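K.L.:
take a look and give me a structure for this.
(one chain, ligands or ions: 2)
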Amino acid sequence: MIYRPRRLRKNPVIREMVAETQLSADMFIYPYFVVPGTKVVQPIDAMPGISRLSIDMLLKDVESGLKLGINKILLFGVGEKKTGEAQSAYDAHSVVADAVRALKKRFGEELYVITDICLCAYTTHGHCGLLEKDVILNDPSLEVLAKMALSHAQAGADMVAPSDMMDGRIKAIRTRLDENGFENTSIMSYATKFASAYYGPFREAADSAPGKGDRKSYQMDFRNPREALREAKLDEMEGADILMVKPALAYLDIIRLVRKNTTLPVACYNVSAEYTMVKMAAKAGFIDEQRIVMENMYAFKRAGAGIIISYHAREILAKAWL
Ligand code: PBG
Ligand code: ZN
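P.N.:
Ligands and ions are numbered 1, 2, ... in the order given. A predicted model of the protein is given here:
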């Protein structure tokens, strides 16, 4: 035998030396659900370890997270007034805008604040754009999304992350930000976001499930990798700074495809049900949580993601799993 691959697996020292994939704390973005009120900590049943927090509690949690190295967070607003036109989404004092101001005042440049841009938590019908009869309106939704992004930028957000999947939203948001002097506010696009059952627990957490119908007329069909590439390219041309693939675990091929076809940073979103499945199986004692979580994280990196948005992030750093 000439080739004996096992030679390089002999002990941990040599295995470390030949390891091809590395993770670092800097890669992670940790999501938060922010609600109005004070002293609110509402655990989310389907997502053990994750709670909806009011701004005062968020500040505390972020402070302890920063000590662990969680310095990039993604905010979702929950519990705001829902209307047909989603006015509360762009209120100068929406819970997200207020949270951003409070966070930036307290932590400044030490903390990088990203906000989710979408209408589903702010509309009575729960769709990500404006609705007329049974149709999600594209172009009129862009105006509302642009207003929402601007209100977050004005509050001090470092980056906005549109997750609505309307056509042309990156250009609409980029233009609105630039016109108002926010040319340095970045955009991370949910570029290839698939219509997925893996968002189930999130919709409970964000109270954002569509009342009627599904999201298939705007989120992507998971059978379509070529279309995914088209979506990613469009968002790049429209001015996205980072391209995201979502969900992550069942879409490693898409992460790889996007990585190979752009020079922009590529992020993946390890979404709610991916988290829930691991947590529940671990709770039941059927899997080793640490090993499963880290195997998943390495898979994202190996596929080509340089940035990982994950509900596991805090625990990974707190328990030094890296
Ligand atoms: C809102 C949004 C969703 C997620 C992020 N932003 C849900 C959806 O599109 O229904 C999902 C995140 C997760 O499941 O963790 N558009
Ligand atoms: Zn949405």
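K.L.:
do a quick rundown of the helices in the stretch 101-250 of the chain.
P.N.:
139-155, 169-179, 200-206, 225-238 (DSSP state H, counting those that start in this stretch).
K.L.:
between these, which one is nearest to ligand 2?
P.N.:
Minimum separation from ligand 2 across the helices of the stretch 101-250 of the chain (CB to the ion) falls at helix 200-206, 8.4 Å. Yep, even glycine has a C-beta here, placed from its N, CA and C like the rest.
K.L.:
mind checking if the closest one is in reach of ligand 1?
P.N.:
Yes: for helix 200-206 and ligand 1, the contact criterion (CB under 6 Å from any ligand atom) is met by Phe202, Arg203.
K.L.:
near ligand 1, which residues of this structure?
P.N.:
With CB under 6 Å from any ligand atom as the criterion, the chain meets ligand 1 at residues Asp116, Cys118, Cys120, Cys128, Ser163, Tyr199, Phe202, Arg203, Ser208, Val271, Ser272.
K.L.:
identify the farthest-apart pair in those residues.
P.N.:
The distance between the two most remote of the residues of the chain next to ligand 1 (CB to CB) is 15.9 Å, for Cys128 and Ser272.
K.L.:
what's the most buried one of the helices of the stretch 101-250 of the chain?
P.N.:
Highest mean neighbour count among these (mean count of other CB atoms under 10 Å): helix 139-155, with a mean of 22.
K.L.:
for it, packing partners?
P.N.:
For helix 139-155, the packing partners by 3 or more CB pairs under 8 Å, 6 or more residues apart in numbering; DSSP states H and E come out as helix 95-107, strand 112-117, strand 130-132, strand 159-162, helix 169-179.
K.L.:
just want the angle from it to strand 112-117.
P.N.:
160 degrees (axes from the mean of the first three to the mean of the last three CA atoms, to 10 degrees).
K.L.:
mind checking how far helix 139-155 is from the chain centre?
P.N.:
Relative to its chain's centre, helix 139-155 lies at 18 Å (CA atoms, centre = their mean, to the nearest Å).
K.L.:
let's see that helix as CSV, backbone CA atoms only.
P.N.:
In CSV, the C-alpha atoms belonging to helix 139-155 read as follows (Å, rounded to 0.1, in the frame of the first residue of the first chain):
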residue,chain,number,x,y,z
ASP,A,139,-43.7,47.8,-6.3
PRO,A,140,-45.9,49.5,-3.7
SER,A,141,-44.2,47.3,-1.0
LEU,A,142,-40.8,48.6,-2.0
GLU,A,143,-41.8,52.1,-0.8
VAL,A,144,-42.7,50.7,2.7
LEU,A,145,-39.6,48.6,2.9
ALA,A,146,-37.5,51.6,2.0
LYS,A,147,-39.1,53.7,4.7
MET,A,148,-38.5,50.9,7.2
ALA,A,149,-34.9,50.6,6.3
LEU,A,150,-34.4,54.4,6.5
SER,A,151,-36.0,54.6,9.9
HIS,A,152,-33.6,51.9,11.2
ALA,A,153,-30.6,53.7,9.6
GLN,A,154,-31.7,57.0,11.2
ALA,A,155,-31.8,55.2,14.5
